[in-house]
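Q: Build the 3D model from these lines:
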Amino acid sequence: MDLVVLIVSLFFLVLGCGILRNWKIKKPKELSYSILIACRNEEENLLKLFKSLNKLDYPKDKFEIIIVDDASTDNSLELIKEFCIKNTNARYFHLSEKHSDYKGKKAALKKAAENAKCEIFLFTDADCSVKPEWLKSYNNYFSYNIGMVVGNYSETKTNPLIKFSNQMSSAIYASTIGLGIPFSAAGGNLAVKKAAFDEIGGYEKIKHYQSGDDKLLLKLIHKAGWKIAYNHEQLVDTHQAVSNKTSNHQLKRRYGKFGMSSSFFKIISILILLFYLYLPIKVIFFNNWKILIIYFLCILFFWIVNLVKHKYKFRILDIPFLIIYPYFLIYFSLLGTFAKWEWKSI
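A: Numbers count the residues shown, from 1 in each chain. Sure, this is the predicted structure:
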């Protein structure tokens, strides 16, 4: 059984090496971007988003902003209209009711993509704010064969464990993409080449999924033969303040995507589940602490590489969270897979 622990330890070492991969190209070009945003009942967050978009350090004639109001029942549409009136490179569309075929926010994103004119689609969410260098950073990662560049986001209103889990998501995205086996993506900070998006037919093949507009899109683009790159430079901030109930639904939605994974990752997920069920037994009933120390050092290496890559600050809570997190992930993965969850009250 020590061999099992050793194999998992080596697995984390390999993942850590994947994080170290540098995707930046030597001669970046000034690309054109269509920023695509789906909005549903976000009046509390839109002003922060608009303020950040107004601060983008990029030529106005090289990007456009397309916002689609997805049947909001609050004042979101009026705020969007005001923003578009003040910004000549911004346009909006309004969906009066939720689409029955395109689930989640895919109908809104489909509408935005259909009206986008630029060579790169850059997605963010209505509850996010972006940095001034956001567009410039993506220039560094698009070469001829890159179909998608994945980023991530930082949650500003959350507890330390959720913050840790989001930073762990960055590590998983960066490591698997670095190894050439991309696992998932964050829809709030995601760039897709228009040619790749059109080649796979946009959201047509995944329209019936309630979520997964990011993970499933990545899967389709990678399957089509495009390479996926990772941008660690510019995290976007998300400001969505949520109750415990809403947070639970978000976590179930985020981690409950087992059925969307490839067969390879399904097998890996099951093996990891079995390992972490076995690990407490190993600790309680066996006395070989040397192998457990090796395991923890490998996990620590993986985490420190992630901190350095993304310029995250080390916190003393990271140590216990490295132990707790696998069970946190397993819990919400199982809930998200087998229990019901809500998205935007639909």
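
Q: Outline the domain layout of the chain.
A: Here the domain parsing of the chain from automatic domain parsing is 2-19+260-338, 33-250.

Q: quick check: mean pLDDT across the longest one?
A: What it means is domain 33-250. For domain 33-250, the mean per-residue pLDDT is 92.

Q: what are the ranges of the strands in the stretch 151-300 of the chain?
A: Assigned by DSSP state E, counting those that start in this stretch, the strands in the stretch 151-300 of the chain fall at 153-155, 190-193, 227-230, 236-238.

Q: residue boundaries of the helices in this protein?
A: Per DSSP state H, the chain carries helices over the ranges 2-19, 46-54, 76-86, 106-114, 134-139, 160-178, 194-199, 215-223, 244-255, 263-285, 289-310, 318-338.

Q: got the buried residues for the longest one?
A: Residues of helix 263-285 classed as buried: 265, 268-269, 272-273, 275, 279, 282 (neighbour count, 16 or more other CB atoms under 10 Å). Backbone N, C-alpha and C define where each C-beta goes, glycine included.

Q: repeat for the third one
A: By neighbour count, with 16+ other CB under 10 Å as the criterion, the buried positions of helix 76-86 are 76-77, 79-80, 83-84.

Q: counting contacts, what elements does it pack onto?
A: Judged by 3 or more CB pairs under 8 Å, 6 or more residues apart in numbering; DSSP states H and E, the packing partners of helix 76-86 are helix 46-54, strand 63-70, strand 90-95.

Q: same for the second one, what does it pack against?
A: The reference is to strand 63-70. When contacts are defined as 3+ CB pairs under 8 Å, 6+ apart, strand 63-70 packs onto strand 33-39, helix 76-86, strand 90-95, helix 106-114.

Q: per-residue pLDDT, Glu342?
A: Looking at Glu342, the pLDDT reads 58.

Q: so Phe93 touches Asn115, yeah?
A: Yes. Checked against CB atoms under 8 Å, the pair Phe93 and Asn115 is within contact range at 6.9 Å.

Q: what sits in contact with each of the two?
A: Ile66 (CB atoms under 8 Å, 6 or more residues apart in numbering).

Q: Put together a markdown table for the helices and strands packed on helix 76-86, with distance to Ile299 and mean neighbour count on each row.
A: Output for the helices and strands packed on helix 76-86, formatted as a markdown table (distance: least, CB to CB, whole Å; neighbours: other CB atoms under 10 Å):
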| stretch | distance to Ile299 | mean neighbour count |
| --- | --- | --- |
| helix 46-54 | 35 | 18 |
| strand 63-70 | 40 | 25 |
| strand 90-95 | 45 | 18 |
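
Q: Trp134 is nearest to which of the ones you listed?
A: Among the helices and strands packed on helix 76-86, helix 46-54 comes nearest to Trp134, with 8.3 Å by CB to CB.

Q: Packing partners of the closest one?
A: Helix 46-54 sits against strand 33-39, helix 76-86, strand 128-129, with contacts defined as 3+ CB pairs under 8 Å, 6+ apart.

Q: Show me the one of these that comes nearest Ile66.
A: Here strand 33-39 is closest among the helices and strands packed on helix 46-54 (CB to CB), at 5.5 Å.

Q: The closest one: how far from the chain's middle?
A: Mean-position distance between strand 33-39 and its chain equals 15 Å (CA atoms, centre = their mean, to the nearest Å).

Q: same deal with stretch 126-139?
A: Taking CA atoms, centre = their mean, one finds stretch 126-139 lying 14 Å from the centre of the chain it belongs to.

Q: and that stretch, how far apart are its ends?
A: Stretch 126-139 has an end-to-end distance of 23 Å (CA to CA, to the nearest Å).

Q: follow-up on the earlier one: minimum distance to Asp57: which of the helices and strands packed on strand 63-70 has it?
A: Across those, Asp57 has its closest neighbour in strand 33-39 (12.8 Å, CB to CB).

Q: Give the partner strands of the closest one in its sheet and their orientations.
A: Its sheet considered, strand 33-39 pairs with strand 63-70 (parallel), strand 120-125 (parallel) by DSSP bridges.

Q: Report the backbone C-alpha coordinates of the shortest one in CSV.
A: Right, the one you point to is strand 120-125. The C-alpha trace of strand 120-125 is given here as CSV (Å, rounded to 0.1, in the frame of the first residue of the first chain):
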residue,chain,number,x,y,z
ILE,A,120,-10.7,36.7,-30.4
PHE,A,121,-13.7,36.2,-28.1
LEU,A,122,-12.9,37.2,-24.6
PHE,A,123,-15.4,36.1,-22.0
THR,A,124,-16.0,37.5,-18.5
ASP,A,125,-19.0,37.6,-16.2
